[in-house]
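# just a sequence and a predicted model for now, questions to come.
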Amino acid sequence: MTQISVRVDGASYADEVEPRTLLVHYLREQLGKVGTVVGCDTSNCGACTVHLDGEAVKSCTVLAVQADGSEVTTIEGIAANGSLHPMQKAFHELHGLQCGYCTPGMIMASIDLVGDTPDPSEDEVREGIEGNLCRCTGYQNIVRAVQQAAAEMRAAATPDALGAQS
Amino acid sequence: MTAVEDRPVAEAPAKEVGQARKRKEDARLITGRTTWTDNMVLPGMLHLAVVRSPVAHARLGAIDVEAARSAPNVVAVFTGRDLAEEQGSIPCAWPVTPEMVNPGHPSVAVDEVNHVGEAVAVIVARSKAAAQDAVELVDVDYDPLPVVLDMEQALGEGTDLTHDHLSSNESFRWIFDAGDAGTGQATDQAFADADVVVSRRFVQQRLIPAFMEPRSTVVQPQGDNYTMWSSTQVPHILRIMLAMVTGIPEHKLRVIAPDVGGGFGGKLQVTPEEVISLLVARRLGKPVKWTETRSESLMSAHHGRDQIQYVDIAADREGNVLGLKVHILADMGAYLRLVSPGVPILGAFMYPGIYKFPAYRFDCQGVFTNKTPTDAYRGAGRPEATFAIERIMDELAVELGMDPLELRRKNWIGAGEFPFTTVAGLEYDSGDYDGATEQALRLLGYDELREEQRRRRESGDPVQLGIGFSTFTEMCGLAPSRVLGSLSYGAGGWEHASIRMLPTGKVEVVTGSTPHGQGHETAWSQLVADELGVPFEDIEVLHGDTAISPRGLDTYGSRSLVVGGAAVVNAAQKVVAKARTIAAHLLEAGEEDLQFEGGSFSVRGTPGTGISIQELALATFAAHDFPDGVEPSLDADATFDPVNFSFPHGTHICAMEVDTETGMVRIRKYACVDDVGTIVNPLIVEGQVHGGLAQGIAQALYEEAVYDVDGNLTTGTFVDYLVPSAADLPHFDTGHTVHAAPGNPIGAKGVGEAGCIASTPAVVNAALDAVRHLGVSDILMPLTPERVWRAIHEGGDGGDRATAGTNAYGGAQTETTAGVSTPESRLGGDR
């Protein structure tokens, strides 16, 4: 067993883990962060995507010990002060989810995408989230949601622009 | 009556049905506050892992479990022999013929394994990791038997057997002949009289539903009671079947489907793992959990499609269709699961499509092979039928030198001809095929694309353009119980709902139709808001728990709104009728003098006399001032059994670019106009269409469950089984026409399967239209670049070597599969 310290969604945890424990299993089984889910065993589906020190990672390809000393953000930690993240809001408003199983990973990957590409075209969104599989939506509403959220996130990042718009 | 008095007097709410309400379900799903089965943790819970067969067909010898049993944290190990006395057989609820052969399906193999992935033992341990570690320690002796993979060969003389104890590989033969049924003319005569007969062999490749949430089951024993949480589409059916299989009395079993991450037919099942979990929990008296890995899921959860279709169409020279003959081989896989044999039979009535055939014959053989069992997958029989008719119509058009759309127009049912009884005996309810087609052509920009196609053809552009049609209908709203009975299905097709009026005026709607992503909570709220005149937000929809929703037949076959929603509406109308009696008493008026509008009863012509149905709920709770002889309850329930199916239809048009130098295909534009009857929530309907399109296009272009010559699934992960990503799919241009369904109070026809049923042939027809002038008349699905390139440059359908070393399509002729191919299994082209 190995000792790790990790901050997850703003709280600090210190735990003993088996060296082979995957980050996603640590989150789900030891911390009860079951908002993050497992959809495959080959890192294709992206359902388990979280942010590790601000970067989107598939938490099934990260060992818990690799997260030692790091900051992890999951789907459970992005709604600040109880108000939805723009990406969550956009998925809701534009019907970017049906069964919702891929949604946590899809939202976390999309936030990261918008961080890198603040104003993504349709093709850029489609390529940017191709590591995340959705079986329900056919992606069209997800693409629209990501673009809407990107616009809101851009506006929030530049208060002047927001003021000018309103 | 104080609880609701402070509520501001709302204006009569606008009609909810038709509004793009955002979904109630989303709040928990976008924040990670979900209740997936695998999230469950119970005190003392043990974890299961299943040891699975690595061989496709073998007699089981000794199974040494001692090393596993003594591994750290392993509590127990069970083999099939340990469970043989109590595990029964996985049930098949659809014996399509009295003579149908069912080999029996033990949850854990006892004497023989018949497909790769079949359970041979189960490990019970303190943690999932410990259970999985111990899987490796079980030593099984497999005595190999010949492997049967090719359906055409499996029906030949002197062939190997999928099951040693059976005398052939045929499970059943089911025939519908319109001449015999009295719904059409004699088929042979129609063909003898025809000017033109076109014959094709189409292959519906094997697909995997690939729901995103892997299956998971938790069982908690409490004395002689058992509660099962399972990632299932069908908690009600599951409860009944588990009681029948295990002997645990039905009233001692409670089944809960919490949040369920997609199903698409793949969770319409009674699975071996559900039976195993229940038996182990009973043996050990401890709660247990089983959650599959993705590779387990792809290997052992049931598959879909996998049919070979021999289709003959007869017509005169002017293009009037005269007859249709369909013979299909349907791969059951190794066993019959819940509705395996019924899937091709659901398609039987849809092969004539929207066309006025005078003669029709359908002949289906169900075939056993040493592969994972097949069962329902989105559309279940109807996508196969639609593919066959829409492909053969194009082939007939080519033969006749006609425009494919002109041929369709000439033969489809006119808008003024509804209700129309087809040659298959179905009564199509309503629609306008011309109207949908005209709208779809505009959406696509048809004329410009045809012009571009001409230009590219003339200039010899390496990238050719094609346009493909699918003018489809489907039977939805499964199903009238009497029809199911006539088809030997083991249950009815009704749906149940009840409505509880709570003292504070809030409303609980209980539905027997269990959602797994469809948005029932939102749509049902809209229905009830309109019927009761209460705010959308005041309604809660309960489902998926046999203790809360005791009666139901669950969600599949585009039935939820059409059948389940109808039950909800009927129940709400009963609530209003009961409330009217109370209102009349309290308002001291005759019931006939009351009007009910915007949720309030008032005396006609007497403004200001109103009492709302929510106030009546409190008055009923108190029951202080009640009419004599009236029970103090506004609650009501209803069971709706449809009289007929509903028949959504639509026109789907795909414009496809084919790079003749690389074989790469790219959907240039996809336009579709669907008529799904009354639309309750356009947002949800749109989403269902999109998702269906994605799966139908995926069959045409990407997905295929491939077995090698030894019966190993070679597409056992998401690396190999190509569920499309956002980058693999186009933007969809969608539209609607609305012809209300006459058969239910909502007017809805069903939308869950439409996109999936319609799109596949449109895509393939489009690709062929792009390269037909190069001598290509068929390309096997999925249309991989290699297949497309080979079809263009080497002739044939591109399938000859595309899956070398595999036995995809039940008959690929490759060097390594030469032993399993037959002259009849030569792929593609005229027979």
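Looks like it arrived, so ask away.
# number of residues surrounding residue 86?
Reading this off chain A. 21 (other Cβ atoms under 10 Å in any protein chain shown). C-betas here are computed from N, CA, C, even on glycine.
# switch to chain B, please.
16.
# okay, now the sheet partners of the helix or strand harbouring B:G650, with direction.
For B:G650, the element it lies in under DSSP states H and E is strand B:649-659. Strand pairing for strand B:649-659, determined by DSSP bridges: strand B:463-473 (antiparallel), strand B:665-675 (antiparallel).
# any idea which of these is most buried?
Among the strands paired with strand B:649-659, ranked by average contacts under mean count of other Cβ atoms under 10 Å in any protein chain shown, first place goes to strand B:463-473 (a mean of 26).
# how far off centre is the following helix or strand past that strand?
Using DSSP H and E, the helix or strand that follows strand B:463-473 towards the C-terminus is helix B:481-486. Relative to its parent chain, helix B:481-486 has a centroid offset of 19 Å by Cα atoms, centre = their mean, to the nearest Å.
# cool, stretch B:417-437 as well?
Counting by Cα atoms, centre = their mean, stretch B:417-437 comes out at 23 Å from the chain centroid.
# tell me the mean pLDDT over it?
Mean pLDDT, stretch B:417-437: 97.
# give me the distance between the two termini of it.
For stretch B:417-437, the first-to-last residue distance is 17 Å (Cα to Cα, to the nearest Å).
# A helix includes B:R500, no?
No - counting by DSSP: H, G, I helix; E, B strand; the rest coil, B:R500 is located in no helix; its state is strand.
# do you know how far the residue of chain B found nearest chain A is from B:P419?
Nearest residue of chain B to chain A: B:G32, at 1.9 Å (Cβ to the nearest Cβ). To B:P419, B:G32 is 48 Å away according to Cβ to Cβ, to the nearest Å.
# and the two? Which one has more around it.
B:G32 (24 against 14).
# what sits against the residue most central in space within chain A?
Centroid check for chain A by Cα atoms, centre = their mean gives A:M108 as the closest residue, at 1.5 Å. A:M108 is in contact with A:49-51, A:56, A:73-75, A:78, counting by Cβ atoms under 8 Å, 6 or more residues apart in numbering or on different chains.
# burial of the nearest residue to it once chain neighbours are set aside, as a residue count?
With Cβ to Cβ, 6 or more residues apart in numbering or on different chains as the criterion, A:M108 has its nearest non-adjacent residue at 4.4 Å, and that residue is A:T49. When neighbours are counted by other Cβ under 10 Å, A:T49 registers 30.
# correct me if wrong: A:T49 contacts A:A56.
Yes - A:T49 lies in contact with A:A56 (Cβ atoms under 8 Å); the separation is 5.4 Å.
# quick check: neighbours shared by the two?
Shared contacts of A:T49 and A:A56 (Cβ under 8 Å, 6+ apart): A:108-109.
# any idea of the mean pLDDT in stretch B:746-758?
Rounded mean pLDDT across stretch B:746-758 is 96.
# then it to PDB, C-alphas only?
C-alpha atoms of stretch B:746-758 as PDB (Å, rounded to 0.1, in the frame of the first residue of the first chain):
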ATOM      1  CA  ILE B 746     -52.200  11.700 -27.500                       C
ATOM      2  CA  GLY B 747     -52.000  11.100 -31.200                       C
ATOM      3  CA  ALA B 748     -48.300  10.100 -30.900                       C
ATOM      4  CA  LYS B 749     -46.800   7.400 -33.000                       C
ATOM      5  CA  GLY B 750     -43.500   6.700 -31.400                       C
ATOM      6  CA  VAL B 751     -40.000   8.000 -32.200                       C
ATOM      7  CA  GLY B 752     -37.400   6.000 -30.400                       C
ATOM      8  CA  GLU B 753     -36.500   3.800 -33.300                       C
ATOM      9  CA  ALA B 754     -37.400   5.900 -36.400                       C
ATOM     10  CA  GLY B 755     -33.900   7.300 -37.100                       C
ATOM     11  CA  CYS B 756     -32.300   3.900 -36.600                       C
ATOM     12  CA  ILE B 757     -34.700   2.100 -38.900                       C
ATOM     13  CA  ALA B 758     -34.700   4.600 -41.700                       C
END
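# okay, buried residues for it please.
By 16 or more other Cβ atoms under 10 Å in any protein chain shown, the buried positions in stretch B:746-758 come out as B:746-758.
# same check, this time on stretch B:711-730
By neighbour count on 16+ other Cβ under 10 Å, the buried set for stretch B:711-730 is B:711-718, B:720-726, B:728-730.
# first-to-last residue distance for it?
Termini of stretch B:711-730 sit 34 Å apart (Cα to Cα).
# what do you get for stretch B:673-689?
The first-to-last residue distance of stretch B:673-689 comes to 10 Å (Cα to Cα).
# likewise stretch A:29-47?
16 Å.
# so does it get close to chain B?
Yes - using Cβ under 8 Å from any Cβ of the partner chain, stretch A:29-47 comes into contact with chain B via A:29, A:32-42, A:44-45, A:47.
# list the buried residues in stretch B:89-100.
For stretch B:89-100, the neighbour count (16+ other Cβ under 10 Å) marks B:90-96, B:100 as buried.
# please apply the same query to stretch B:595-609.
Residues of stretch B:595-609 classed as buried: B:596, B:599-603, B:609 (neighbour count, 16+ other Cβ under 10 Å).
# overlap between these and the residues near chain A?
Checking the buried residues of stretch B:595-609 against chain A by Cβ under 8 Å from any Cβ, not one of them is in range.
# could you list which of those belong to strands?
Judged by DSSP state E, strands contain the following of the buried residues of stretch B:595-609: B:596, B:600-603.
# which among those residues gets closest to B:G319?
B:F596 (54.9 Å; Cβ to Cβ).
# still on that earlier bit, would you mind measuring from the residue nearest to A:M108 to A:T36?
From A:T49 to A:T36 the distance is 8 Å (Cβ to Cβ).
# common neighbours of the two, please.
Common neighbours of A:T49 and A:T36 (Cβ under 8 Å, 6+ apart) are A:59, A:104-105.
# which one of these is nearest to B:L238?
Proximity of those to B:L238 was ranked by Cβ to Cβ; the top entry is A:P104 with 26.9 Å.
# can you pull the phi/psi pair for the closest one?
Main-chain torsions, A:P104, degrees, to the nearest 10: phi -60, psi -50.
# can you give me the pLDDT of the closest residue to A:R126 other than its chain neighbours?
Distance criterion Cβ to Cβ, 6+ apart; nearest residue to A:R126, sequence neighbours excluded, is B:A726 at 4.1 Å. Note for B:A726: predicted pLDDT of 98.
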